[in-house]
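Student: one predicted model, sequence on top.
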Amino acid sequence: MQTALSAQPDSFAFDAESEAAIAPILAKYPPGRQASAVLPLLDLAQRQMKRATGSAWVPRAAMDAVAARLAMPPIRVYEVATFYLMFNTRKVGTWHLQVCTTTPCWLRGSDEVTAACRRVTGITGWGETSADGLFTMTEVECVGGCVNAPIIQVNDDCYEDLDAESTVALLEALKRGAPPPMGSMKGRQGSAPEGGPTTLTTIAE
Amino acid sequence: MPKLTVDGIEVEVPPGSNVLQACEAAGFEIPRFCYHERLSVAGNCRMCLVEIEKAPPKPFASCAYPAAEGMVVHTDSAMVRNARRGVMEFLLINHPLDCPICDQGGECDLQDQAMGYGMDHSRYAENKRAVKDKNLGPLVKTVMTRCIHCTRCIRFATEIAGVPELGATARGENMEVGTYVEKALSSELSGNLIDICPVGALTSKPYAFTARPWELRKTDSIDVLDAVGAAIRIDARGAEVLRILPRVNEDVNEEWLGDKSRFAVDGLKRRRLDRPWVKRDGRLAAASWAEAFAAIAARLAGLAGERIGAVAGDLADAESLIALKDLMAALGSANLDCRQDGARLDASRRDFYTFNTGIAGIEEADALLIIGSNPRREAPVLNARIRKRWNGGHFPIAAIGPEADLTYPVSWLGEGPQALVGLQDGSHDFAAILRAAKRPMLILGQGALARPDGQAVLAACWRLAAGLGMLTEDWHGFNVLHTAAARVGALDLGFLPGPGGKGLAQMLDGGVDLLWLLGADEFDISRIGAETFVVYQGHHGDAGAARADVILPGAAYTEKSGTWVNTEGRAQRGFAATQPPGEAREDWRILRAFSDVVGRTLPYGDLAAVRSRLEAAHPVFGRTGVLPRFACTDHSGPPGDPAVLSEAPFVPAVANYYQTDPISRASATMADCAATFVHPVPAAPVPAAAE
Ligand code: SF4
Ligand code: FES
Ligand code: FES
């Protein structure tokens, strides 16, 4: 899990948009308890990196900036940032494919979904980024949408009810820069039954 | 006070105790990895499981479970044994079991407890995980695959050492203990990580693959590389000291030891003086003891007492100090000095020059003022005690001197003596804090005294202590922090210019014709007059020996039985772990033998007799080890004219913690540390055009 330090930027400073968000976050905590804001600030840093560079990740310099802002020893921030898999401590592609392979998704065909991702992106192993820099594939544990398994979370959005075919279609759309609306790829509404309601179809008198 | 029953034995424990402590109080040892009585409780290793009656039917981590009235605890039931076996099996899943090539072997908690709770085979067939080793600097070697994630090292660095640089990054199977960014741990106490790591993940780098613990001869002794007098154990094999470890002494060092005191051992083997030398035709030539003594006697012949002088070094034991003082008296000289740094100490009353609060007493203080001292570098173990008190809360600390990171927050009041004036007349806020405190204390460093206005600084600090309520009938808050192990003992023995005698400054530049240096290397040797005949008695070929006309090889502190008085004024005994090398001898014996040659035989022939002489010279030598609590009712202070206080900023006495004496200067390990921490070599610039 060590970061490849070679690709690290030398410095990081919060931009105006982040700064505007930081003030209200810090105000939530009583004085002397500002360290509690470490998670939201790391998230802001990751989003700022996405805006600025197209890759959503938290470089070392950003962790140091968070530590300085919250008056924490830097190592305490490193611990938090590396603990949560939602923080990327390495550069990721434009589209971060977080493929769920936990049991429910696996039973519902995450192997095919994974294989389809590999075919389209050319990526061979977990954690790697495609040659064009568009995709990074990460294996994740349950993302909490098992009822619509299998699932890929792309950046912030979950695409559900995938199979090999719809996965390919999804990735092609991403390549064109035109992500489809998130949710079920089979057209389900939320996690309602396919093809419409099967119960409570009539209204009692 | 809750009462509990542990395996049928009733115990009463102080409120706030945990079940593990209660079990210990009942006489049962509970296996543990993460729990350490001087660190916060983590409760993560689960080795300390016990069964508690009428609680949910599951094993409890005793270290993290509060002891309560009426509890009935079982430490050896079937459930407990099974649970601990389970924990051990899990711990060993990823542990490499490389004991045959591990330096912790033979003194490893995991090895020991695996004997009690381990299985003779493993049910784990998968690959073990491997973790990359970390570089923590020149002292601590890491084999992180062995780490069992007890987090003791993280808590030690954060809580005790005050350098929050270690942490646990990532999680689960990927969790690693380290600094995340490669860096040497910037602490003077880093060696203690080796002791608290229960496995072989953190071991001593300089000592790697040197010896097994059962090969070592262990000698309890006292550290002399600073003035704290930490309790140590010297481990030797044959004629060689291989390592030094701390021993527990709650009053002094608890169980910690500074890195210099622990790792300078290799300096004991290098640049040693192992035979007498005499200068002939401008060059030092090897000589016999008789020849060396004869050369000195020849120079002494006809010399008036006032043309002879002696300077005591910072590592000298009290036995050799008294012998040298008596010899000088017999030769008619009152030219003595032990203040190589020129500190303007006042020996007219003992509490003018000792650390009267006591090191353990720091924990009772409620406000602290540090003057001209950097305790982190001058006495790291004592600094850890200040930090411990600060951790306890409500302990305002201010300091006068150049700003530095002392590992706890400090308000800096100014750089030089003028800040004292503000405190004295109450115009500074911190004066009010000190006055409001019940047990305020001040620490006065040698950096504030070793300067022309040192006497005035000393007097001003005493007046401050008296004026701000630091001196009462049950509290003594005036403290002088020394850096030399020999200093307080020498002051107790009056190793100072006698009536009409010369101090160090007057002995230089030809002030005397024969100068006897007892391990004295810390002053500007080049200022000794060209015509002065120099006798250097000591153990290392350092500055003093280089200038000597006769060299008498003495014993280092690990090679002699000696008495040292620490900065608190606590007399402590050190013991010989090995013989001095070659023809070198214990120092007081050398002086006794020489006194014989010049017909002024010192009246003591064995160690017991020297010690009676010491006791006669100062009663403190009669009560070794213990220290009474001091109070102060006589507020009259040392003389010193406030008008001469200068504006010059204080310069703390120790700039380079790692190299302060002939032993640590001879140590390659300390040279490494100095290069890493004191004068870091900037990383070589990357050439503009690669290749
Ligand atoms: S390195 Fe040692 S002390 Fe630190 S967590 Fe690992 S086992 Fe514990
Ligand atoms: S298992 Fe994939 S979302 Fe729960
Ligand atoms: S010693 Fe109690 S959990 Fe580790």
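Tutor: All right, it came through fine. Ligands and ions are numbered 1, 2, ... in the order given.
Student: with just CA atoms, put the worst-scoring helix or strand of chain B on mean pLDDT into CSV.
Tutor: Every helix and strand in chain B was compared by mean pLDDT, DSSP states H and E; the lowest is helix B:418-424, with a mean of 90. Below are the C-alpha coordinates for helix B:418-424, written out as CSV (Å, rounded to 0.1, in the frame of the first residue of the first chain):
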residue,chain,number,x,y,z
GLN,B,418,16.8,40.5,30.5
ALA,B,419,13.7,38.1,30.6
LEU,B,420,14.6,37.3,34.2
VAL,B,421,14.1,40.9,35.1
GLY,B,422,10.6,40.9,33.7
LEU,B,423,9.8,37.9,35.9
GLN,B,424,11.4,39.4,38.9
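Student: pull out the buried residues from that helix.
Tutor: B:A419, B:L420, B:G422, B:L423, B:Q424 (16 or more other CB atoms under 10 Å in any protein chain shown). C-beta coordinates here come from the backbone N, C-alpha and C atoms, glycine included.
Student: excluding sequence neighbours, find me the nearest residue to the fourth one.
Tutor: Distances taken as CB to CB, 6 or more residues apart in numbering or on different chains place B:A431 nearest to B:L423, at 4.7 Å, with adjacent residues excluded.
Student: would you mind giving me the confidence score for the residue nearest the centre of chain A?
Tutor: Among the residues of chain A, A:N155 comes closest to the average C-alpha position under CA atoms, centre = their mean, at 4.0 Å. pLDDT for A:N155: 95.
Student: now swap in B:A690 and tell me
Tutor: Reading off the model, B:A690 has pLDDT 35.
Student: same check on B:S40?
Tutor: Looking at B:S40, its pLDDT is 97.
Student: on that earlier part again, wait, doesn't the residue nearest to the centre of chain A sit right on A:H96?
Tutor: Yes. Using CB atoms under 8 Å, A:N155 is in contact with A:H96, at 5.5 Å.
Student: overlap in contacts of those two?
Tutor: A:A56 (CB atoms under 8 Å, 6 or more residues apart in numbering or on different chains).
Student: which residues are in contact with stretch B:23-36?
Tutor: With CB under 8 Å, 6+ apart as the test, stretch B:23-36 has contacts from B:4, B:6-7, B:9-13, B:17, B:20, B:41-45, B:47-48, B:50, B:62-63, B:73, B:75-76, B:84, B:91, B:109-110, B:113, B:116-117, B:148, B:150-152, B:155-156, B:196, B:198-199.
Student: mind checking how far the nearest residue to B:V248 once chain neighbours are set aside is from B:P246?
Tutor: Excluding the flanking residues, the one nearest B:V248 by CB to CB, 6+ apart is B:E255, at 4.8 Å. Applying CB to CB, to the nearest Å, the value for B:E255 to B:P246 is 6 Å.
Student: higher neighbour count, those two?
Tutor: The residue with more neighbours, out of B:E255 and B:P246, is B:P246; 23 against 19, by other CB atoms under 10 Å in any protein chain shown.
Student: where do the helices of the stretch 151-300 of chain B begin and end?
Tutor: Secondary structure of the stretch 151-300 of chain B (DSSP state H, counting those that start in this stretch): helices at B:152-155, B:192-196, B:259-263, B:289-300.
Student: what's the closest of the buried residues of helix B:418-424 to ligand 2?
Tutor: Comparing these against ligand 2 with CB to the nearest ligand atom picks out B:A419 as the nearest, at 64.1 Å.
Student: tell me the contacts of that closest one?
Tutor: If you count contacts by CB under 8 Å, 6+ apart, B:A419 has them with B:I400, B:L413, B:H428.
Student: same check, this time on B:V177
Tutor: Taking CB under 8 Å, 6+ apart, we find B:V177 in contact with B:M144, B:C147, B:H149, B:T151, B:C153, B:I154, B:L166, B:G167, B:A168, B:A201.
Student: can you say which of those are buried?
Tutor: Of the members of the contacts of B:V177, the ones counted as buried by neighbours, 16+ other CB under 10 Å, are B:C147, B:H149, B:T151, B:C153, B:I154, B:L166, B:G167, B:A168, B:A201.
Student: among the residues you listed, which two are most distant?
Tutor: Spatial extent of the buried ones among the contacts of B:V177 (CB to CB) is set by the pair B:G167 and B:A201 at 14.6 Å.
Student: quick one, strands of the stretch 101-250 of chain B?
Tutor: With DSSP state E, counting those that start in this stretch, the ranges of strands along the stretch 101-250 of chain B come out as B:140-142, B:167-169, B:176-178, B:202-204, B:217-222, B:231-237, B:240-246.
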